[in-house]
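In: Let's see this in three dimensions:
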Amino acid sequence: MPLNAVLTRIDAEIPAAIDRLMELLRIPSISTDPAYAGPCQDAADWLVADLQSIGIKAEKRATPGHPMVVGHMDDAGDDSLPHVLFYGHYDVQPVDPVALWRSDPFDPQLEETDTGKVIRGRGASDDKGQLMTFVEACRTWKSVTGTLPCRITFFFEGEEESGSPSLIPFLREHADELKADLALICDTSMVSPGVPSIASQLRGMLKDEFTLHGPKIDLHSGHYGGPGLNPLREIARIIASFHDDQGRVAIDGFYEGVHPVPADLLKQWENCGFDEQTYLNSVGYTRPHGEQGYSTLVQQWARPTLEINGLWGGYQGVGSKTVIPSEAHCKITCRLVGDMDPDRLRDRLRAHVEAQLHPDSSVTWDQNLEGSPAAVMNTSHPAFAQARQALSDEWNREAVFVGMGGSIPIAGFFKEILGLDSMLIGFANDDDAIHSPNEKYNVESFHKGIRSWARILDALAQGASG
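Out: Just a heads-up that it's a prediction; the model follows:
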């Protein structure tokens with residue numbers, strides 16, 4: 001069978017694959033800093049050349065920011081084969097504080113650790129290493145069989161770490177070119193070491209900010225302390241009203257669109273190897289503090305939240321200043337699940353705050369509206385079962401459908417603009433220190449990630465032909 005020959009070749013050529021990844025990691029493609037605009041171009045050029053070297057018709061596409069890389073096979077092959085759009089990003093986070101790195105972040109190193117060999121360097125895990133697992137799987141399929149098992153469009157972005165300002169316009173302009181049967185996204189992790197994972201749901205996001213106004217100016221607390229309304233005390237009272245004693249959000253209608261976790265999915269989560277105590281202890285907690293009656297994983301993946309991200313007002317300098325401040329400020333984010341509507345929720349949040357106001361206080365709201373719904377994947381699509389079996393075969397451990405507490409907007413954009421369901425599969429570990437000094441990617445993740453994608457592509461092709 002071709003798959004066995006492909007897997008054997010992957011094993012034999014893993015040193016060369018690591019060398020190629022090291023080349024890409026040496027390019028300091030920091031998208032948020034204009035000083036690195038040149039290296040971002042260089043990274044895009046490197047990927048174009050690498051895809052072309054394996055027979056992919058690849059191009060660098062200009063945007064108002066950093067370029068996109070788009071690739072197609074010269075020979076699309078059998079139209080009956082599934083067509084997948086593979087997404088990754090080649091840009092990386094800044095490296096500050098540099099003093100905390102054990103080596104130059106753009107001089108990647110192979111290191112032996114207590115848990116195995118790792119590739120150390122900025123972008124090793126997020127997302128160059130993950131991106132290259134897929135490219136290497138395709139390279140090997142092409143070298144062994146002369147073709148790819150599926151029709152594949154490659155789509156690499158250079159602005160993911162800086163807000164993706166060019167992404168939506170590019171998707172809309174090139175929607176016909178980028179449409180496929182399914183999107184594959186590699187920018188994710190495994191729920192536990194060695195447990196292959198497919199993200200089947202992502203929480204959405206709502207951001208808001210308000211200023212609570214009191215007196216016209218800051219007041220002397222001796223002259224007005226007592227009869228004067230203090231905006232800091234008022235905003236503290238309002239914030240305290242957001243949750244009840246059980247950790248449940250107390251805003252009317254907040255849970256509209258929230259659904260219980262299906263029993264079969266809940267069983268997968270309960271047996272996915274997640275260690276709650278390790279998860280909590282690693283950041284200094286001794287117990288969970290969220291909505292009572294739900295496990296830590298359910299709270300993180302399937303329940304909505306309302307968090308206070310910033311709270312300030314009054315004197316912030318050294319020493320004391322006896323004032324009643326004229327205003328106080330609050331930043332809020334809500335994580336959304338299920339069918340929660342961010343616009344409707346924003347209205348309810350604001351109505352709740354305004355209903356709490358006392359006389360002589362008022363509120364103004366930020367007008368930079370940001371909100372996106374949760375993404376729930378269609379796991380009844382045959383590709384999900386095929387990929388799950390392929391991952392289980394490679395890792396010798398049943399793959400699980402997992403949730404994600406964060407948001408990956410690209411999945412929502414693919415659905416909204418291209419009409420594509422997304423399958424999110426990555427091989428990072430929680431200790432990879434992405435966005436932090438000393439980022440790493442386990443060699444096992446890289447090696448078995450390549451083998452996993454080879455199996456997945458084969459399974460998708462076999463499923464279509466069967």
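In: Could you report the distance from the residue nearest to the spatial centre of the chain to S372?
Out: Centre of the chain computed as the mean C-alpha position; nearest residue by C-alpha atoms, centre = their mean is I408, 4.0 Å away. Distance, I408 to S372, using C-beta to C-beta, to the nearest Å: 10 Å. In this view, the C-beta of every residue, glycine as well, is placed from N, C-alpha and C.
In: For the closest residue to G290 other than its chain neighbours, grab the count of nearby residues.
Out: Nearest non-adjacent residue to G290, counting by C-beta to C-beta, 6 or more residues apart in numbering: Q299, 4.4 Å away. By the criterion of other C-beta atoms under 10 Å, Q299 has 19 neighbours.
In: what helix or strand does Q299 sit in?
Out: helix 296-302 (DSSP states H and E).
In: helix or strand right after that helix?
Out: Counting by DSSP H and E, what follows helix 296-302 is strand 305-313.
In: how about that following strand: buried residues?
Out: T305, L306, G313 (16 or more other C-beta atoms under 10 Å).
In: Could you grab the helix/strand/coil label for the nearest residue to L457 once chain neighbours are set aside?
Out: Using C-beta to C-beta, 6+ apart and skipping the chain neighbours, the partner closest in space to L457 is P149 (4.7 Å). Secondary structure, DSSP: H, G, I helix; E, B strand; the rest coil: P149 is coil.
In: Now do the contacts for the residue nearest to the centre of the chain.
Out: I185, D187, T188, A199, L202, A375, L424 (C-beta atoms under 8 Å, 6 or more residues apart in numbering).
In: So which of the residues you listed belong to strands?
Out: Judged by DSSP state E, the contacts of I408 include I185, A199, L202, A375, L424 as members of strands.
In: What separation do you get for the second one and A355?
Out: Put plainly, it is A199. Counting by C-beta to C-beta, the gap from A199 to A355 is 37 Å.
In: who's more crowded, those two?
Out: A199 (24 against 10).
In: and of the buried residues of strand 305-313, the nearest to D252?
Out: Nearest to D252 among the buried residues of strand 305-313 is L306, at 12.9 Å by C-beta to C-beta.
In: Which residue ranges of the stretch 101-250 of the chain form strands?
Out: 109-113, 116-120, 151-157, 182-185, 197-202, 204-213, 219-220 (DSSP state E, counting those that start in this stretch).
In: Adjacent strands (with direction) for the last one?
Out: Right, strand 219-220. Taking DSSP bridges as the criterion, strand 219-220 forms sheet pairs with strand 323-324 (antiparallel).
In: Tell me which residues are up against the partner strand.
Out: So strand 323-324 is contacted by 214-215, 218-221, 224-225, 228, 230-231, 314-315 (C-beta under 8 Å, 6+ apart).
In: Now do the nearest residue to G412 once chain neighbours are set aside: how many residues are near it, please.
Out: Excluding its sequence neighbours, the residue lying closest to G412 (C-beta to C-beta, 6+ apart) is A375, at 5.2 Å. A count of nearby residues for A375, using other C-beta under 10 Å, gives 26.
In: wouldn't A375 be in contact with F414 here?
Out: No: at 9.2 Å, A375 does not count as touching F414 under the criterion of C-beta atoms under 8 Å.
In: Between the two, which contacts overlap?
Out: Joint contacts of A375 and F414 (C-beta under 8 Å, 6+ apart) are S422.
In: I'd say H358 and E234 touch.
Out: Yes: the pair H358 / E234 is scored as a contact, 6.4 Å apart, by C-beta under 8 Å.
In: mind showing which ranges of the protein have poor pLDDT?
Out: Within the chain, the stretches with pLDDT under 70 are 74-77, 466.
In: the longest helix in it is where?
Out: helix 443-465 (DSSP state H).
In: now P260: how far from Y285?
Out: From P260 over to Y285 the distance is 26 Å, taken as C-beta to C-beta.
In: neighbour count winner among those two?
Out: Of the pair P260 and Y285, Y285 is the one with more neighbours under other C-beta under 10 Å, namely 12 against 9.
In: how far away is the more buried one from G403?
Out: 20 Å.
In: And the residue of the chain positioned farthest from its centre, how far from G319?
Out: Distance from the C-alpha centroid of the chain, by C-alpha atoms, centre = their mean, peaks at H223 (51.4 Å). Distance, H223 to G319, using C-beta to C-beta: 20 Å.
In: Please apply the same query to P227.
Out: 26 Å.
In: that older thread, so the residue nearest to L457 sits against T140, correct?
Out: No: here P149 lies out of contact with T140, judged by C-beta under 8 Å, at a distance of 11.2 Å.
In: quick one, what contacts R120?
Out: R120 neighbours (C-beta under 8 Å, 6+ apart): R102, S103, P108, Q109, L110, E111, N438, E439, K440.
In: now it: how far from I408?
Out: R120 is 25 Å from I408, by C-beta to C-beta.
In: just Q93 next, same as before
Out: 16 Å.
In: Same check on Q130?
Out: 13 Å.
In: which residues are common contacts for these two?
Out: Contacts common to Q130 and I408, judged by C-beta under 8 Å, 6+ apart, are D187.
In: what does stretch 249-256 rub up against?
Out: 241-244, 304-306, 340-341, 344-345, 348-349, 351-352.
In: now stretch 161-180
Out: By C-beta under 8 Å, 6+ apart, stretch 161-180 touches 30-32, 61, 63-66, 68, 70, 83-85, 89, 91-93, 151, 153, 155, 157, 159, 409-410, 413-414, 417-420.
In: Looking at the residues you listed, which are in strands?
Out: R61, M68, V70, H83, V84, L85, H89, R151, T153, F155, E157.
In: Please point out which parts of stretch 419-431 sit buried.
Out: Those would be L420, D421, S422, M423, L424, I425, G426, F427, A428, N429, for stretch 419-431 by 16+ other C-beta under 10 Å.
In: export stretch 449-465 as PDB, just CAs?
Out: This file holds the C-alpha atoms of stretch 449-465, laid out as PDB (Å, rounded to 0.1, in the frame of the first residue of the first chain):
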ATOM      1  CA  GLY A 449       2.600  15.100  13.200                       C
ATOM      2  CA  ILE A 450       4.000  14.500   9.700                       C
ATOM      3  CA  ARG A 451       3.000  10.800   9.900                       C
ATOM      4  CA  SER A 452      -0.500  11.800  11.200                       C
ATOM      5  CA  TRP A 453      -1.200  14.100   8.200                       C
ATOM      6  CA  ALA A 454       0.000  11.400   5.800                       C
ATOM      7  CA  ARG A 455      -2.500   9.100   7.400                       C
ATOM      8  CA  ILE A 456      -5.300  11.700   7.400                       C
ATOM      9  CA  LEU A 457      -4.800  12.500   3.700                       C
ATOM     10  CA  ASP A 458      -4.900   8.800   2.900                       C
ATOM     11  CA  ALA A 459      -8.000   8.300   5.000                       C
ATOM     12  CA  LEU A 460      -9.800  11.200   3.300                       C
ATOM     13  CA  ALA A 461      -8.900   9.800  -0.100                       C
ATOM     14  CA  GLN A 462      -9.900   6.300   0.800                       C
ATOM     15  CA  GLY A 463     -13.200   7.500   2.300                       C
ATOM     16  CA  ALA A 464     -14.100   9.300  -1.000                       C
ATOM     17  CA  SER A 465     -13.200   6.300  -3.100                       C
END
